[in-house]
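Chemist: Generate coordinates for the sequence data below:
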Amino acid sequence: MSVYVQTRNTLKTFLEVQSELANEINVGFEPITETMEHLKHGELSIAVVGEVNRGKSTFLNALMGTKLFPSRASVCTAGVTLLDYGEVPHAEIIYNNGKTESFDLDLDNPAKTLVDIVSRKNQNVQKIKMVRLQFPNPFTGNGLVLVDTPGVNDPETWREEITYEYLSGADAIIMLLDPMQPVSESEIEFLEHKILGRSIANLLFVVNKMDDVSAQDRAVALGRIENILKKYVPNPMIFPVASKPALMAKKLNDVQGLNVTGFPEFEESLMEFLSKGRGGALLRSKIQKGMDHLTNVIQFSMDQRMGALDSEVSSVQSKLERANKDLKSATKDKDDMTSEIQSKGKAISNNLKSIVSERKQYLNDSLKSALLEEPDVSVLRSNVLDFQKDCVGQMQNGIELIYGNLISEYGDKSTSMMSNISGILSSLSNEASVSVQSLKVSHEKVQVNSNLEDKKTGAAIGGVLSAGAGVAVASTATTVGITAIGTIGTVAAFGTMATIGIGILTGGVGLLLGAALGGMLSESSSSSSSGAQSSYVEYRETINNKRALLAVNRFVSKLMNNITLISNKMIRSLVNDLVTPLDQQINSQNKLISQIKSDIEQTVDCQESTRIFLTERIKDSAGLKEQYSQLIMDIEQL
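Modeler: Next comes the predicted model:
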């Protein structure tokens, strides 16, 4: 088992312990619940591509250890299939018109149900945009989403375009090859036109069907493939596997048989590959989120309760009254900031529209005549693609600049407000050390106030900007299909590391590619399979000057049409990540005020029992914090 998987499983256990501790001391644990829920679903996407008859379905089934994906012998995928983990086998069809249809899968023979939906047997197959599956399996149970795509040489153009749509934001792209055949022309074209320069850093090659090659010929076959790939990919990562025997070995729990298929080595390398990228960053942010909740909510609450018990009742009551007033004021400030953030939507849209308008002006003033007059088809295609890439680059820079400025402005405000809210009751624990001598108690009590005056409760605000501040934006803002966070992570973007203060923007290109370019690659799949309706010029199309101009015009229109959607999602993301933590903190403080009132109204004996209870819980919390620290060290070593 990889360190990544072990760390992930350990984190799940820690969060479960922490939620029980929070429940015991009666504090809110919404952030923990959210994190636990996120861990149940995939957030790292793995897109699997390859020509028809490369054994893709068998490979996917071998990854999961069960036969879920039906055979591709008849070229039978309607759009893409997204596989996430789920305890209950379930499938959802998403049609081009936005309608959905759900049905249960047979746990023992799920492929039998699917084949009638996604194959040529279904006359409405071209109306299906994607099929989203949830199925219990050990592979996607590690936070992964498998994106199964049509073949790169699929005779149906509408399906081929869908394949490209899901590659730009994938955390890993697995390209299947056949050891018995040289790398084909369509595979080389796929690498050159759809992968290189965009997703090459995430590309892994799997040479499937190695069991069909004799032992003495395997090295030669792999060497031949490596030599071809090196012409296009520096230092290609190549893994030889035998999917069919691996699937059988997993079904029979035959460890020895599985070891000779190449799958254990491939799966371990894949996890290591993912953990060194966005996977490790996301996992670390979840660990940090657990630590932040432990420090800022659980330990903070216990410190304040202990401090209140060891203080003059009248003084505590006075502080609680002031705290109520301060929290009402903080709530108003929070609501004002929310309104201010929401008012930025129009300005964001206008800024992005100005970028597109500038590109449109360039198209009309300079590029249009060049496209209409260019006689060389290859140059014409190159000019179109260069213009589209330039549009994407300009939009990407604009989005990152706007979003970065908003994070800087309101991230500071959110952090300051969080600190102020946390400080409303923080003085109770400090006061305990100076007021303990004046306590009017008739018998000795156990005191737990060592170093309380040195505690900086509420000072650690790290993780206000949780990882995923924008994942929701990117994962929902496609023009072709809107999906939920955790269901399709192929266009995740703008992740922020859990840091004190302002988060670090990463992977901004994913937002644009997911929100705009992905949708621009093709119109609704229900349209004709001819290239006439596409806004993107495919490398195998017959193209003329008018077709090229039509493509770029439609591309620019698509950009413009997506702007309102993108700006709205950016605003929602800001509110979710900068305001929701404030709401949770205000609720926690209100709950703590009620708890302290209850504590100080207890009899002396009951107060003593509460002290003993809190003392034990404080020890538990300290031990859990040490374990979290070790977990962070483990993830940093990935």
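Chemist: after the helix or strand containing Asn576, next one along is what?
Modeler: Per DSSP states H and E, Asn576 falls inside helix 545-578. Following helix 545-578 in sequence order, the next helix or strand is helix 580-600 (DSSP H and E).
Chemist: From the contact counts, what lies against the top helix by length along the chain?
Modeler: Longest helix in the chain, counting residues (DSSP state H): helix 377-423. Applying 3 or more C-beta pairs under 8 Å, 6 or more residues apart in numbering; DSSP states H and E, we find helix 377-423 packed against helix 313-342, helix 345-362, helix 368-373, strand 505-506, helix 509-512, helix 545-578, helix 580-600. For every residue, glycine as well, the C-beta is placed using N, CA and C.
Chemist: Any idea which of the ones you listed gets closest to Glu101?
Modeler: Distance to Glu101, taken as C-beta to C-beta, is lowest for helix 545-578 among the helices and strands packed on helix 377-423, at 24.6 Å.
Chemist: chain center to the closest one, what's the gap?
Modeler: Remark: helix 545-578 is offset 21 Å from the chain centroid, using C-alpha atoms, centre = their mean, to the nearest Å.
Chemist: Report the inter-axis angle for it versus helix 377-423.
Modeler: Here helix 545-578 points in a direction 10 degrees away from that of helix 377-423 (axes from the mean of the first three to the mean of the last three C-alpha atoms, to 10 degrees).
Chemist: Give me the angle between helix 545-578 and helix 313-342.
Modeler: 170 degrees.
Chemist: in helix 545-578, what counts as buried?
Modeler: By neighbour count with 16 or more other C-beta atoms under 10 Å, helix 545-578 contains the buried residues 547-556, 558-560, 562-563, 565-574, 576-578.
Chemist: Tell me which helix or strand Met130 sits in.
Modeler: With DSSP H and E as criterion, Met130 is part of strand 128-135.
Chemist: re earlier: possible to save the helices and strands packed on helix 377-423 as TSV with distance to Ser269?
Modeler: TSV is the format used below for the helices and strands packed on helix 377-423 (distance: least, C-beta to C-beta, whole Å):
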stretch	distance to Ser269
helix 313-342	43
helix 345-362	40
helix 368-373	45
strand 505-506	23
helix 509-512	23
helix 545-578	33
helix 580-600	37
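Chemist: Going by mean pLDDT, which of those comes out lowest?
Modeler: For the helices and strands packed on helix 377-423, mean pLDDT drops lowest on strand 505-506, to a mean of 24.
Chemist: Tell me the strands beside the strand holding Met130, with direction?
Modeler: strand 80-85 (parallel), strand 90-95 (antiparallel) (DSSP bridges).
Chemist: Quick one: distance of the last one to the chain centre.
Modeler: Put plainly, it is strand 90-95. For strand 90-95, the distance to the chain centre is 21 Å (C-alpha atoms, centre = their mean).
Chemist: Over to stretch 414-429?
Modeler: Relative to its parent chain, stretch 414-429 has a centroid offset of 30 Å by C-alpha atoms, centre = their mean.
Chemist: Quick one: mean pLDDT over it.
Modeler: The average pLDDT for stretch 414-429 rounds to 78.
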